[in-house]
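Peer 1: sequence? don't have it. structure:
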C-alpha cells in the first residue's frame, strides 16, 4: 500500500498567499515548487486554482531562428503601454539546461527586467522525467492567479512537446519566416492546425510574398471546426514593426472565442482533459519511481537489460506488481477491475 | 485491485514466430500491435527480446526540410549493395496522422518498395496518449530480432520527442543544411550533444563553408565523456553524393563504440533505463485510463475543470486513490511506503 501526503503545510499556504499578493520571490519559489514536483505544490495549486481563468494566455511557437523571442519582447512591451501585467514563460523542451538556455543566450528585455509589471521565467526539460507541459501549465496558472492578465508562453521549437505546450493557450500564434526550410515540410500539418494567428516575421526579407501565398493557400483549404479563419500578420520584430497588428489579431481571436462561448468552453474542456492526463501520468510515474523502485535498483535493472539478461517488459510488470497493481493470468482479457 | 492479463495467447506466439521468420505481413502486424499497445504485444516483445541486439541502429534527426528522407533512402540503397537487410522506421511526433504524413508526401524509395531486403514503416503520434518513443523502440526491437541488421530510425523534426527517439540508437546522425535559420539557435545544444556524426546536406549550396566552420567551432569546444570526436560529412543526397562517406562515418563510430566496450555498455544501460521509464509511464497511464476512470467520466471531469468547479489536481488524486494508491494525510512527508 502506497501513501502520498498531500495535506496541510502552513509554509506552503503562506507561499501561495504571498505569490497571489504579487510577491515576486514567492512567485519564483511557487513556480520552482511545481517544476520540481514538490509535495506541497499540489496543495498550492489546489489553493490558487479557483482564482485562475482571468488571464489571456497566448502561446507562441515556431521554428528555431524565427525570431520568436524578439517578437515576444515587443509584444510584452506593447501590452505594458496599456498597463497590462505581463507574465512570460519561455519553454525549451529540447534543452536539459534550466534558465541559461533561453534567457542567457540573448540580451532580453533590456530595461524591462526591473519593471514590476513583467515576470519572466524560463523552463527547460530536466533529464527524462518529462512533465514539462504539465509544469508550464501549472506555472501559467500561478501567474494567472497572481493577476498577470497577459501570460505569454513561448517555445523554442516546433516538436510535439511544443505543440502540447502552446495548444493549452487561449490563443495560439505560429511564427514563420520567409524562405525557411524552402519546402512545405517546414510548415507541418500539426503546426498549421493549432495556429489561431500566423506571423510572418522578418517580413523585409526576400521570399515574404511567396511564404504569404503558400500560407494563405494552405489556410484556404483547411476548415476549422470553430469557423475561425486564422489571421496572417507580417512583422519585423527587430524594428518593432507590426507589433500592434499582432496584438490586434490576438484580440480579434479572443473576442471571437468569447462571442462563441460554447466553442470556447469545448476548447477549454479538451484542454482540461489533456491536463488531467498529463498530471496523472506525471504523478503515477513519480509514485512508481519514488516508492516502488529505488534509483540503485533501477540502474541495476537497466544493466541487466543492456546485457540482455532481462527484458524491460517483465521488469515493468514487476514494478507495477510491487505497486499493488497486480498482473492477472487469464487468457484473452485486456484489462479488468477485480473488487 | 487491478489486474492485467499478460499471459499465453497462441495467436500472438505464432505472430512472433512468423515475424521472426521474416514474414512481412506478420512484421507489419507485430509493429501495429506494439503501436496500439495490444494486450498481446508485451508477450510478443518478451519473446523476441533475447534475439535482439544484433542490428546496428542508426538514428537520423534534423530540422524539417533538411533532406533527411532522401538521405535515408540513399543510405538504405547503399547498404543494400552490401546485401544488408535494412529496416526503416520513419517517426513523426508532430503529426497525428499515421502513415500518410511521412510516406505519402513524397515519392519514396522508388523501385525499392518491392525489395524484400527493405522494410519501411512510418509511425506518427496518435492523439495525446504519447508513447511514441516507446513504440518506435519496440518496433526497432522487432526488426532487429527479425534479422534486419541495419535499422534506420528517421524523425521529422528536432524537438524533445525526436531527441528521445534517436538517442536510443547505436549511432546518432544529425542532419544540417547550409544557412538554415541563419543563427546558431538552429543548432540547439540538445541536438549537438546527441550527434555522433553530423551531415551537412545540400552541400552545393551557398553558406556550406560557413555552416561547416560554425559546426566545427561548436564541436571543438564541446568535449564528450566517451572521448569520441563527432565526424562531419558533407552530402548532396539528391545527387547521391557523399552517401559512402556517411556510411563510413557511421561505421567508424560503431567500431569506436565496440572497441570501447565499457562505454558502449554504459550507453546501452542508460538507454535501457530510459526505456524502462517509458514503458512504465505508458503502462501506468493505460492502467489508470482503462481501469480507474471511463472516458465518459473523464470528459465530465474535464468539463467541471473548464468551468472551474473542480481542480484537476484533486481529480488526479481521486483517480490515483481509486487505483488503490491512496493519499495519506500527515504533515511534511514526501512519499512513503506503508506495508
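Peer 2: Alright, I've got the coordinates. The model shown is predicted, which means the values in this text are computed figures rather than measured ones.

Peer 1: What helices and strands are in contact with whichever strand or helix holds residue A:314?
Peer 2: Using DSSP states H and E, residue A:314 sits in helix A:312-322. Using 3 or more C-beta pairs under 8 Å, 6 or more residues apart in numbering or on different chains; DSSP states H and E as the contact test, the elements touching helix A:312-322 are helix A:295-306, strand A:327-328, helix B:41-48, helix B:261-287. C-beta: built from backbone N, CA, C; applies to glycine.

Peer 1: all helices of chain A, in order?
Peer 2: Remark: helices assigned in chain A by DSSP state H are A:10-20, A:24-36, A:39-48, A:68-81, A:132-145, A:160-166, A:189-194, A:208-221, A:243-259, A:261-287, A:295-306, A:312-322.

Peer 1: Just want the angle from the last one to helix B:261-287.
Peer 2: Comparing the axes of helix A:312-322 and helix B:261-287 via axes from the mean of the first three to the mean of the last three C-alpha atoms, to 10 degrees yields an angle of 50 degrees.

Peer 1: And the average pLDDT for helix A:312-322 is what?
Peer 2: Averaging pLDDT along helix A:312-322 gives 92.

Peer 1: Same check on the fifth one?
Peer 2: Averaging pLDDT along helix A:132-145 gives 90.

Peer 1: now that helix, how far from the chain's geometric center?
Peer 2: Averaged C-alpha coordinates place helix A:132-145 at 8 Å from its chain's average position (C-alpha atoms, centre = their mean, to the nearest Å).

Peer 1: Run through the neighbouring helices and strands of that helix.
Peer 2: Using 3+ C-beta pairs under 8 Å, 6+ apart, helix A:132-145 is in contact with helix A:10-20, helix A:24-36, helix A:39-48, strand A:86-92, strand A:118-124, strand A:150-155, helix A:160-166, helix A:261-287.

Peer 1: likewise the third one?
Peer 2: For helix A:39-48, the helices and strands in contact under the criterion 3+ C-beta pairs under 8 Å, 6+ apart are helix A:10-20, helix A:24-36, helix A:132-145, helix B:312-322.

Peer 1: hey, which of the ones you listed is tucked in deepest?
Peer 2: Ranked by mean neighbour count under mean count of other C-beta atoms under 10 Å in any protein chain shown, the helices and strands packed on helix A:39-48 are led by helix A:132-145, which reaches a mean of 25.

Peer 1: residue contacts, residue A:193?
Peer 2: With contact taken as C-beta atoms under 8 Å, 6 or more residues apart in numbering or on different chains, residue A:193 is in contact with residue A:222.

Peer 1: Which of the helices and strands in chain A ranks last by mean pLDDT?
Peer 2: Among the helices and strands of chain A, strand A:335-337 carries the lowest confidence by mean pLDDT, DSSP states H and E, at a mean of 34.

Peer 1: Where does pLDDT dip in the stretch 101-250 of chain A?
Peer 2: Under the criterion pLDDT under 70, the flagged ranges of the stretch 101-250 of chain A are A:101-113, A:125-130, A:157-161, A:180-191.

Peer 1: Go again with 80.
Peer 2: For the stretch 101-250 of chain A, applying pLDDT under 80 flags the ranges A:101-114, A:124-132, A:156-168, A:179-193, A:218, A:221-225.

Peer 1: rewinding a little: show me the one of the helices and strands packed on helix A:132-145 that comes nearest residue B:307.
Peer 2: helix A:261-287 (7.5 Å; C-beta to C-beta).

Peer 1: quick one: that closest one to helix A:132-145, angle?
Peer 2: Here the directions of helix A:261-287 and helix A:132-145 differ by 120 degrees (the same axes, to 10 degrees).

Peer 1: what comes up buried for helix A:261-287?
Peer 2: A:263-264, A:267-287 (16 or more other C-beta atoms under 10 Å in any protein chain shown).

Peer 1: and the residues you listed near chain B, which?
Peer 2: Applying C-beta under 8 Å from any C-beta of the partner chain to the buried residues of helix A:261-287, one finds that A:268-277, A:279-281, A:283-287 fall near chain B.

Peer 1: quick one, domains of chain A?
Peer 2: A:1-51, A:54-276, A:293-339 (automatic domain parsing).

Peer 1: Tell me how far the closest residue to residue A:269 other than its chain neighbours lies from residue A:140.
Peer 2: Among residues not flanking residue A:269 along the chain, residue B:306 sits closest, at 4.2 Å (C-beta to C-beta, 6 or more residues apart in numbering or on different chains). Applying C-beta to C-beta, to the nearest Å, the value for residue B:306 to residue A:140 is 15 Å.

Peer 1: Just confirm residue A:305 contacts residue B:275, I think it does.
Peer 2: Yes - between residue A:305 and residue B:275 there is a contact under C-beta atoms under 8 Å: 7.2 Å.

Peer 1: Neighbours of residue A:82, how many?
Peer 2: 8 (other C-beta atoms under 10 Å in any protein chain shown).

Peer 1: What of the one 4 residues further on?
Peer 2: Using other C-beta under 10 Å, residue A:86 is surrounded by 25 other residues.
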